[in-house]
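**Student:** Fold the following for me, if possible:
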Amino acid sequence: MSRLPFRLLFWLFLFTLVLSACDKSPDSDPKENNVSLIPACGGTIDTPLFAALPVAESAISEVIVFGELDPGGGDVIPNGQTGIRLAQQGVQLVAPADAYIVAVKKATWLASPTRQGESDYTVVFRPCTDVTVTFSHVATITPNLESYLGNATCEEYSTESETIRSCVAEGFEIPILAGDVLGTAGGVTAGGLDFDMMDLRSTATVTTRVEEPYYKNAVCFSRYYSGANRTLLESKTGLSGDMRDGTPACGTIEVDIAETAQGVWVRKDNPVAYSGNADSYLTLAPGFLHPEAKLDLSFGGQALRPLMTVPRSTVGRTNLDFGSVSGDGLIYCYADVNDTVSVFLSLSANQELKIERLTHDLGLTPCSNSSDTWAFSNLAVTYIR
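**Tutor:** Residues are numbered from 1 along each chain as shown. This next block holds a predicted model:
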């Protein structure tokens, strides 16, 4: 892709904001007596931070799985963003914790096949120094927050299909309390609320050598709740009515197991950074909805079945758990009996993964044949970590 995707631009904006806050000295922050008011986090990442749901319980349709795979939508690797799919539009949005708003952003779609002329907002806040929370696709914000955009810095950028004008106001710390109204969520630009978090106390184990650092600090918001609120959010975590049943309940981006086939891979002939180059990537992981029962194969650059989900097996060479495929050089086969695409894969002793996708008539997967007949053609592709 020649132009940067919107999700990359969001993460770059957020990571730059986090780094700038970490680098500030007391003299550089225009706060009370030029000293930041944001408290240290203390405790551990398992210490609850949030007291209030951001929207009413009745407005929550689903919580997006942290680590969801959607290669057709650009998420070839586990998605480090999450949020809430809303049951209705125009719902009241409140602060989940006592915190300080550190940035307000307005996006206006200047050219778009679906959102031209529309705008929405982003509100970034910190309950403590190591944790940054971002509400994106906010439909409206309060007049007080809107007033800060009078001093915003604006720029225009393009994705593959849209041109967006982005205006960002930052350099302040606006105190808010849990339950304070911030605006409304659920509008024309999105049917939900992005509820994204970075916690510098948390670093995901990601073995691929080309992943960006901001991804590794991403965390899921529901684990920062406790009691009934956490139980509610975890019970609603899923996709299209299919609820996740794995551990952790909110999902995970940590899928890599070294010296096995499980995890994130990049094409050996194009070992580029993931940002803007998702077509070169592949993820082999436990199913993001049902990790004990299913396996997901997420392919970049594939129009047909970019995400394959197959039953998980713990024995044999058909649909064997990826974490059990070591560098033995044998061919393993993956397929669902109700699909027309199957996959051969093999992991070599030097940790190179060979993959070939095969199309066939329904019910005629080569996985049903003897493994003695399995063989790669010259269409196989090699991946590395």
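**Student:** Let's see the pLDDT reported for Ala335.
**Tutor:** Listed pLDDT for Ala335 reads 97.
**Student:** Let me see the contact set for it.
**Tutor:** Counting by CB atoms under 8 Å, 6 or more residues apart in numbering, Ala335 touches 310, 318-319, 341-343, 365-367. Any C-beta I mention is one placed from the backbone N, CA and C, and that applies to glycine too.
**Student:** try 10 Å this time
**Tutor:** Residues in contact with Ala335 (CB atoms under 10 Å, 6 or more residues apart in numbering) are 297, 308, 310-311, 318-319, 341-344, 358, 360, 364-368.
**Student:** out of these, which are buried?
**Tutor:** Buried by 16 or more other CB atoms under 10 Å: 297, 308, 310, 318-319, 341-344, 358, 365-367, out of these.
**Student:** got CSV for the residues you listed, with pLDDT, distance to Ala185 and secondary structure too?
**Tutor:** As requested, the buried ones among the contacts of Ala335 are exported to CSV (pLDDT from 0 to 100; distance: CB to CB, whole Å; DSSP: H, G, I helix; E, B strand; the rest coil):
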residue, pLDDT, distance to Ala185, secondary structure
Leu297, 98, 34, strand
Met308, 97, 33, strand
Val310, 98, 36, strand
Thr318, 98, 45, strand
Asn319, 98, 40, coil
Val341, 96, 38, strand
Ser342, 97, 42, strand
Val343, 98, 39, strand
Phe344, 98, 45, strand
Leu358, 97, 44, strand
Thr365, 96, 44, coil
Pro366, 97, 48, helix
Cys367, 97, 45, helix
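**Student:** Look up how far Val131 lies from Thr203.
**Tutor:** Thr203 sits at a distance of 14 Å from Val131 (criterion: CB to CB, to the nearest Å).
**Student:** any idea how far Ile164 is from Gln116?
**Tutor:** Distance from Gln116 to Ile164, counting by CB to CB: 10 Å.
**Student:** which residues are in contact with both of those two?
**Tutor:** Shared contacts of Gln116 and Ile164, counting by CB under 10 Å, 6+ apart, come down to 108-110.
**Student:** I would like a PyMOL command selecting only the buried ones among those residues, please.
**Tutor:** Those of those that count as buried under 16+ other CB under 10 Å are selected in PyMOL with:
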select buried, resi 108+109
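**Student:** Could you tell me which of the shared contacts of Gln116 and Ile164 are located in strands?
**Tutor:** 108-110 (DSSP state E).
**Student:** Okay, helices next: where are they in the stretch 1-150 of the chain?
**Tutor:** Under the criterion DSSP state H, counting those that start in this stretch, the stretch 1-150 of the chain contains helices at 6-23, 143-147.
**Student:** For the residue nearest to Gln89 when sequence neighbours are not counted, grab phi and psi.
**Tutor:** Leaving aside its sequence neighbours, Gln89 sits nearest to Gly186 (CB to CB, 6 or more residues apart in numbering; 3.9 Å). Here is the backbone geometry of Gly186 (degrees, to the nearest 10): phi 90, psi 100.
**Student:** Hmm, Gly186 is touching His137, no?
**Tutor:** Yes - contact criterion CB atoms under 10 Å: Gly186 and His137 qualify, at 8.6 Å.
**Student:** More neighbours: these two, which one.
**Tutor:** Gly186 (24 against 20; other CB atoms under 10 Å).
**Student:** show me the contacts for the more buried one.
**Tutor:** Residues near Gly186 by CB under 10 Å, 6+ apart: 55, 59, 61, 84-91, 93, 137-139, 192-193.
**Student:** cutoff 6 Å now
**Tutor:** 86, 89-91, 139 (CB atoms under 6 Å, 6 or more residues apart in numbering).
**Student:** How about Ser226?
**Tutor:** Contact analysis of Ser226 by CB under 6 Å, 6+ apart lists Pro48.
**Student:** quick revisit: next, check the contacts of Gly186 against the strands and list the overlap.
**Tutor:** Reading strands off the contacts of Gly186 with DSSP E, I get 86, 91, 139.
**Student:** Return the closest of those residues with respect to Thr231.
**Tutor:** Thr231 has its nearest neighbour among the ones in strands among the contacts of Gly186 in Leu86, at 19.7 Å by CB to CB.
**Student:** That closest one is in contact with Gly192, isn't it?
**Tutor:** Yes - the pair Leu86 and Gly192 qualifies as a contact (CB atoms under 6 Å) at a distance of 5.1 Å.
**Student:** in stretch 117-129, what counts as buried?
**Tutor:** 119-129.
**Student:** swap in stretch 48-62?
**Tutor:** Buried residues in stretch 48-62 (16+ other CB under 10 Å): 49-55, 59-60, 62.
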